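Participant: Fold the following for me, if possible:
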Amino acid sequence: MKSGFHSIHHRLFLLFLFCMSSILLIVSLLYYNRTTDQLHEKISDLSQKNVAQTAGLFTLLYKGYDALSKSLSNNFEMIRLINEKTDEPAVAYINEQTVTNIIGSIFYSRDDLVGIHVITDRGKIYNYGNYMNVVDPDYANEDWYHQLQASSGKMVWLGVYQHSLIDQVEDSPVFAFGRQIYDLNEHKPIGIVLYETNPQPVLDALENLKLGEHSQVYLMSPDGRFVTSATDPTPDVSNLPMLPTTQNVMVEQQSDRLVVASKLSFSGWWVMSITPDKDLNVELIEMKRYLLIVISALIIVSTLIASIVSQTISSPLKKLIREMRQVEVGNFRGMVNVSSYQEINILVASFNRMVRRIEELIERVKLSSVSEKNAELHALQSQVNPHFLYNTLDMIYWMLDEEGNEQLGELVLSLSSMFRYSSQWEDGAEVSLREELEQIGHYLKIISIRLEGRLQIITEIDERWLDIRVPKMTVQPVIENAVKHGLESLGRQGILKVYTREEGSVLRLIVEDNGNGMNEEQLKRLQDSLNGDAPGPSPKESGKSGIGLQNLHRRLQFMFGEYYGLQIQSFPGAGTQVAIVLPISVEGEQTT
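Facilitator: A predicted model of the protein is given here:
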């Protein structure tokens, strides 16, 4: 089980499944959060519009009830009859009937009236309603009565009650309001008028505020009394939010509910709607259920896709592994045939080519093993001891010296020194610039003798640079190239100049000649060869130790960095200048 889990098939399956599922869940979560915020914003806007609409409905109701209440309080005939004092029973009866008829005419002018009650300050009561009225004898001590007496002529909304405030027979719900009656001649209150109407228009206006089944709506008076809808209980005052004192609209999104309230402009009453989250999130719950179904289906599809993709990748690799195990035991005859992704096809094709190549090489090794042993024996037989050559050259020098041939002796001595210096050379070896120039002196001595005085050598090396460390055989390839290609075939006096130039933290060791030079094409080919853009010299041309210009350039860059190496300038017929660019701050530098 453990090895199966670490297989590429299971790893790819889990990786694809995890990536696709993660992307799916993240996108769904972001979509859900964004939709939730937008839905709450829309609900808040809808609630404010509902509150504004409800406030408009209450404004219309208020204006209608206000006009209704003024129809009695401004009736001069009724006010005159109420104020008229008479000792005649017949006149008093006629006046009472006239007042009752006036109230009755107003009562029948509207269908929603339940009762109209006029109470004078002298205790006289005029009633008109659907039934015979039985007046509550203790009405004067009720709160509603005191509110109407203190109203100063303005209409007072008393609210919705379960039964009539004054008529003990009327037990149906009523909406009560009223105002004081003034004697306009003497400018003093003479009583009150109480209206009781069907509360349904008020309750319908409150129902308009509801956003859901469990929403609660209230009409709240300035002194803390509540008018609720027909289905909502009286609220708990301690559980309600604090109403603002400087604003007429309040929208408050709490943790478990949405509270929206608006102040009515005409009476100081507030309308309030409280909607719990379970009503606000009905659409979110449906959307969450839908998302869960979609996510589950997509995860199943993702599992199938991950299984198929991982199988298409791992199956050809398993075939390749089986064939590689055959190669391990020495069977090179098998071939892997798969059709998969381009990279896997390339890998399989390379494996097949490698197996065929290995088989061919094994056959070659078998055939050439005897030849290699013979070659080794031949190489051992043809080996020459370098010390034997050193001693032989030294012996020739002493023989020439005894015969007085000093020039030829110096030539042999220089050749011996050069051979000793070059034969002890190893890759990466470092020497001082002083040792390198001494070696160059031997080489130039041989060249000067060979050119029979046609070469003038000028050396201008500052003493402070002689101890700087350079790779072994740095200068000789450059000078050898200048002599061979620039000065040897020159028909005039040749000049070879070796000098140094300091440029900041860089030392330029320059080898300059006045030879034939190179044209642009030749110079470009040489520069491209140094930079690796064109084929360089063959191993035979470079020598066994790799001391050609191309190898020298690469050795310098490998040792000091890409900024260093060889820089070449040449002009046809004018000569060539090769600068060996070296860093100054290296081990062995002399402080100035």
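
Participant: Report the secondary structure state of residue 337.
Facilitator: Applying DSSP: H, G, I helix; E, B strand; the rest coil to residue 337 yields a three-state assignment of coil.

Participant: Tell me how many other residues crowd it.
Facilitator: Around residue 337 there are 9 other residues, counting by other Cβ atoms under 10 Å. C-betas here are computed from N, CA, C, even on glycine.

Participant: Against residue 214, how distant is it?
Facilitator: Residue 337 is 70 Å from residue 214, where distance means Cβ to Cβ, to the nearest Å.

Participant: residues contacting residue 460?
Facilitator: By Cβ atoms under 8 Å, 6 or more residues apart in numbering, the residues touching residue 460 are 497-500.

Participant: rerun that using 7 Å as the cut-off
Facilitator: For residue 460, the contacting residues are residue 499, by Cβ atoms under 7 Å, 6 or more residues apart in numbering.

Participant: Beta-bridge partners for it, please?
Facilitator: Counting by DSSP bridges, residue 460 is bridged to residue 499.

Participant: would residue 189 count as being in a strand?
Facilitator: Yes. Assigned with three-state DSSP, residue 189 falls within a strand.

Participant: which SS class is the closest residue to it other than its chain neighbours?
Facilitator: Once flanking residues are discounted, residue 189 sits nearest to residue 180: 4.8 Å by Cβ to Cβ, 6 or more residues apart in numbering. Look at residue 180: counting by three-state DSSP, its state is strand.

Participant: any idea how far residue 180 lies from residue 155?
Facilitator: Distance of residue 180 to residue 155, computed by Cβ to Cβ: 10 Å.

Participant: cool, residue 53 as well?
Facilitator: From residue 53 across to residue 155, the span is 23 Å (Cβ to Cβ).

Participant: out of those two, which sits in the more crowded spot?
Facilitator: Comparing residue 53 with residue 155 by neighbour count (other Cβ under 10 Å), the higher total belongs to residue 155, at 22 against 14.

Participant: Which pLDDT value belongs to the more buried one?
Facilitator: Residue 155 carries a pLDDT value of 83.

Participant: same question for the lengthiest helix in the chain, mean pLDDT?
Facilitator: With DSSP state H setting the assignment, residue counts place helix 8-73 as the longest helix in the chain. Here helix 8-73 scores 77 as its mean pLDDT.

Participant: any idea which helix or strand comes after that helix?
Facilitator: Tracing the chain past helix 8-73, the next element assigned as helix or strand by DSSP states H and E is helix 76-83.

Participant: Which residues does that following helix contact?
Facilitator: Outside of helix 76-83, the residues within contact range by Cβ under 7 Å, 6+ apart are 72, 95, 98-99, 102, 120, 181, 183, 190-191.

Participant: Which positions within it qualify as buried?
Facilitator: Going by neighbour count (16 or more other Cβ atoms under 10 Å), the buried part of helix 76-83 is 78-79, 81-82.

Participant: same deal with stretch 449-458?
Facilitator: For stretch 449-458, by 16+ other Cβ under 10 Å, it's 455, 457.

Participant: all strands for the stretch 201-350 of the chain, in order.
Facilitator: Ranges of strands within the stretch 201-350 of the chain are 216-220, 226-228, 249-253, 257-263, 270-276, based on DSSP state E, counting those that start in this stretch.

Participant: for those, which one sits closest to residue 517?
Facilitator: When the strands of the stretch 201-350 of the chain are compared by Cβ to Cβ, strand 249-253 sits nearest residue 517, at 88.8 Å.

Participant: And the contacts of the closest one?
Facilitator: Residues outside strand 249-253 that contact it (Cβ under 7 Å, 6+ apart): 40, 44, 47-48, 51, 241, 243-244, 259-262.

Participant: mind putting these in CSV, distance to residue 27 and neighbour count included?
Facilitator: Shown next, in CSV, are the contacts of strand 249-253 (distance: Cβ to Cβ, whole Å; neighbours: other Cβ atoms under 10 Å):
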residue, distance to residue 27, neighbour count
40, 21, 16
44, 26, 16
47, 30, 23
48, 32, 15
51, 36, 24
241, 37, 13
243, 42, 13
244, 40, 12
259, 33, 18
260, 33, 28
261, 38, 24
262, 39, 25
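
Participant: Distance from stretch 137-157 to the middle of the chain?
Facilitator: Taking Cα atoms, centre = their mean, to the nearest Å, one finds stretch 137-157 lying 68 Å from the centre of the chain it belongs to.

Participant: I'd like the next helix or strand past the least confident helix or strand in the chain by mean pLDDT.
Facilitator: When the helices and strands of the chain are compared on mean pLDDT, DSSP states H and E, helix 539-542 comes out lowest with a mean of 39. Once the chain leaves helix 539-542, the next helix or strand it forms, by DSSP H and E, is helix 549-560.

Participant: Now do the contacts for the residue nearest to residue 189.
Facilitator: Here residue 180 is in contact with 148-149, 151-153, 189, 192 (Cβ under 7 Å, 6+ apart).

Participant: can you tell me which of these are in helices?
Facilitator: 148-149.

Participant: between the contacts of residue 180, which is nearest residue 362?
Facilitator: Taking Cβ to Cβ as the measure, residue 362 sits nearest to residue 151 out of the contacts of residue 180, at 119.0 Å.

Participant: Please tell me I have it right and the closest one contacts residue 179.
Facilitator: Yes. Counting by Cβ atoms under 7 Å, residue 151 touches residue 179, with 5.7 Å between them.

Participant: quick one, which of those two is more surrounded?
Facilitator: Set residue 151 next to residue 179 and count neighbours by other Cβ under 10 Å: residue 179 wins out with 23 against 15.

Participant: Okay, and the beta partners of that one?
Facilitator: Listed by DSSP bridges, the beta-bridge partners for residue 179 are residue 193.

Participant: what's the spacing between residue 353 and residue 443?
Facilitator: Distance, residue 353 to residue 443, by Cβ to Cβ: 49 Å.

Participant: higher neighbour count, the two?
Facilitator: Using other Cβ under 10 Å, the more surrounded residue of residue 353 and residue 443 is residue 443, with 20 against 10.

Participant: how about residue 468, phi and psi?
Facilitator: Residue 468 adopts backbone torsions of phi -70, psi 140, taken as degrees, to the nearest 10.

Participant: What is the burial count for the nearest residue to it once chain neighbours are set aside?
Facilitator: Once flanking residues are discounted, residue 468 sits nearest to residue 433: 5.0 Å by Cβ to Cβ, 6+ apart. By the criterion of other Cβ under 10 Å, residue 433 has 21 neighbours.

Participant: what do you get for residue 178?
Facilitator: That count, for residue 178 with other Cβ under 10 Å as the rule, works out to 28.

Participant: just checking, it touches residue 194?
Facilitator: Yes. The pair residue 178 and residue 194 qualifies as a contact (Cβ under 7 Å) at a distance of 4.2 Å.

Participant: Can you work out which residues contact both of those two?
Facilitator: Shared contacts of residue 178 and residue 194, counting by Cβ under 7 Å, 6+ apart, come down to residue 148.

Participant: which non-adjacent residue is nearest residue 560?
Facilitator: Leaving aside its chain neighbours, residue 560 sits nearest to residue 583 (5.3 Å; criterion: Cβ to Cβ, 6+ apart).

Participant: mind checking which helix or strand the nearest residue in space to residue 327 that is not next to it in sequence is in?
Facilitator: Nearest non-adjacent residue to residue 327, counting by Cβ to Cβ, 6+ apart: residue 355, 6.0 Å away. Using DSSP H and E, residue 355 falls within helix 342-381.
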